[in-house]
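Trainee: Show me how the following folds:
(one chain, ligands or ions: 1)
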Amino acid sequence: MSAGVDRVAVVTGASAGIGLATASELAGRFRVVLVCRDRDRGDAARRAILERVPRASLALHVADLSSLAATRVVADELASAYGSIDLLVNNAGAVFARRGLSEDGFERHFATNFLGHFALTLRLLAPLVRGDGARVVQLGSALHRIGRMPQGRLDFPLAYHLVPAYARSKLAILLATRALAERAARSPIGFCCFDPGLTRTQIESGAGPFQQWVGRWFHPWSRPAAEAGRDLVHVAVDTPFERVRGGYFVGRRRVRPARRAWQRDASEAFWRRAWGWLDAHERESATTWLGRPSSDAQDGRLDVDTTGDWAETMEGCGPRWSGSVR
Ligand SMILES: NC(=O)c1ccc[n+]([C@@H]2O[C@H](COP(=O)([O-])OP(=O)(O)OC[C@H]3O[C@@H](n4cnc5c(N)ncnc54)[C@H](OP(=O)(O)O)[C@@H]3O)[C@@H](O)[C@H]2O)c1
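Mentor: Numbering: from 1, shown residues only. Next up is the predicted model:
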């Protein structure tokens, strides 16, 4: 992907950790749009980046992405401020020691890590289509491997623990990424997942004292956020589009995610369920800018999740790109 300050990169959760490192790494190469929950922390991030890259072109937008209403407002702000978007990094994330529901009634991990970003992405499809081979990078985690997506309630009504709740939100991200990537197989947008690996950030601050204590034991094996940010930018910007599209990356390596996260039946079932959480605008945007999975894929012949490289195998079989770039 060619870079340049006429290119726009949007990074959510850019006030700390991997998001701040990524925004800082992109600064000078893109016009970087920081999406932060708190204006003061966003301003502090902007100052920190400008100290490192004085010529950086930065903008700040504020939204709590656990709220669908706030996410919709910021998405519409971004869509009208930037005619085209070349990179969207869906990075914001959190952990919660205690069970809680978002204002829309979703479990907080699910709302913050997955659902807000899902709505944001669908609302930004039009500027992404106008981007130059735009990429959407979703932050995954190895914990998706232990995530479960039951048919029934997703809010842990009986027994709650941070780890399965976080894992479910990351599994949701992967399932949605596969469904999006498949629908975008003939579009100019490439969807992928990036797992930074164990990284020293502030994410542990949402955990309980015991979990934080356990987390500190792993610090010798974790890496600095700056390193994770460099790897993310390598995948998002410096890796050829066809290799990025539909990929799951751990650091710079494209690997095979858990079968249950990348299986077509599972991702399609999740897509149908997630459709019910969207508003009319997001549905219309998805219908306008994304294709349909091909009938070949529907009969299971393209269920190639065991190869880990299903997008390449989809070549020539996906929906025909028919959207016009307005
Ligand atoms: N650290 C790891 O080892 C690791 C491993 C795998 C995946 N990840 C993923 O990497 C991503 C970044 O995490 P991190 O480790 O860099 O954590 P972090 O240092 O805690 O940064 C998280 C960022 O997300 C923002 N955020 C949290 N809740 C938000 C909300 N409701 N609305 C908007 N922004 C919100 C935070 O804003 P505030 O500054 O206002 O809190 C902060 O900017 C997450 O998706 C995480 O799941 C991390």
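
Trainee: Send over the biggest helix by length in the chain as PDB, restricted to the C-alpha atoms.
Mentor: Ranked by residue count and defined by DSSP state H, the top helix of the chain is helix 162-183. Coordinates of each C-alpha in helix 162-183 appear next as PDB, following Å, rounded to 0.1, in the frame of the first residue of the first chain:
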ATOM      1  CA  LEU A 162     -13.500 -12.100  32.600                       C
ATOM      2  CA  VAL A 163     -11.500 -14.700  30.500                       C
ATOM      3  CA  PRO A 164     -14.500 -16.400  28.800                       C
ATOM      4  CA  ALA A 165     -16.200 -13.100  28.300                       C
ATOM      5  CA  TYR A 166     -13.100 -11.500  26.700                       C
ATOM      6  CA  ALA A 167     -12.600 -14.700  24.600                       C
ATOM      7  CA  ARG A 168     -16.100 -14.600  23.300                       C
ATOM      8  CA  SER A 169     -15.700 -11.000  22.200                       C
ATOM      9  CA  LYS A 170     -12.500 -12.000  20.300                       C
ATOM     10  CA  LEU A 171     -14.200 -15.000  18.800                       C
ATOM     11  CA  ALA A 172     -17.000 -12.700  17.600                       C
ATOM     12  CA  ILE A 173     -14.400 -10.500  15.900                       C
ATOM     13  CA  LEU A 174     -12.900 -13.400  14.000                       C
ATOM     14  CA  LEU A 175     -16.300 -14.700  12.900                       C
ATOM     15  CA  ALA A 176     -17.300 -11.300  11.700                       C
ATOM     16  CA  THR A 177     -14.000 -10.800   9.900                       C
ATOM     17  CA  ARG A 178     -14.400 -14.000   8.000                       C
ATOM     18  CA  ALA A 179     -18.000 -13.100   7.000                       C
ATOM     19  CA  LEU A 180     -16.900  -9.600   6.000                       C
ATOM     20  CA  ALA A 181     -13.800 -10.800   4.100                       C
ATOM     21  CA  GLU A 182     -15.900 -13.200   2.100                       C
ATOM     22  CA  ARG A 183     -18.500 -10.600   1.200                       C
END
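
Trainee: now what about whatever helix or strand comes next after that helix, what contacts it?
Mentor: Downstream of helix 162-183, the first helix or strand assigned by DSSP states H and E is strand 190-195. Applying CB atoms under 8 Å, 6 or more residues apart in numbering, the external contacts of strand 190-195 come out as 133-142, 173-174, 177, 180-181, 184, 231-232, 235-236, 241, 244-251, 257. C-beta: built from backbone N, CA, C; applies to glycine.

Trainee: what separates strand 190-195 from the chain centre, distance-wise?
Mentor: Its chain's C-alpha centre and that of strand 190-195 lie 7 Å apart, by CA atoms, centre = their mean, to the nearest Å.

Trainee: of all the residues in the stretch 201-326 of the chain, which ones are close to the ligand?
Mentor: Neighbours of the ligand within the stretch 201-326 of the chain, by CB under 6 Å from any ligand atom: Thr201, Gln202, Ile203, Ala225.

Trainee: Show the buried residues in those residues.
Mentor: Thr201, Ile203, Ala225 (16 or more other CB atoms under 10 Å).

Trainee: Would you confirm that the second one contacts Asn91?
Mentor: Going back to what we said before, that points to Ile203. No. Using CB atoms under 8 Å, Ile203 is not in contact with Asn91; the gap is 11.0 Å.

Trainee: Overlap of the contact sets of these two?
Mentor: By CB under 8 Å, 6+ apart, no residue touches both Ile203 and Asn91.

Trainee: do stretch 146-164 and the ligand meet?
Mentor: No. Counting by CB under 6 Å from any ligand atom, no contacts exist between stretch 146-164 and the ligand, the nearest distance being 11.9 Å.
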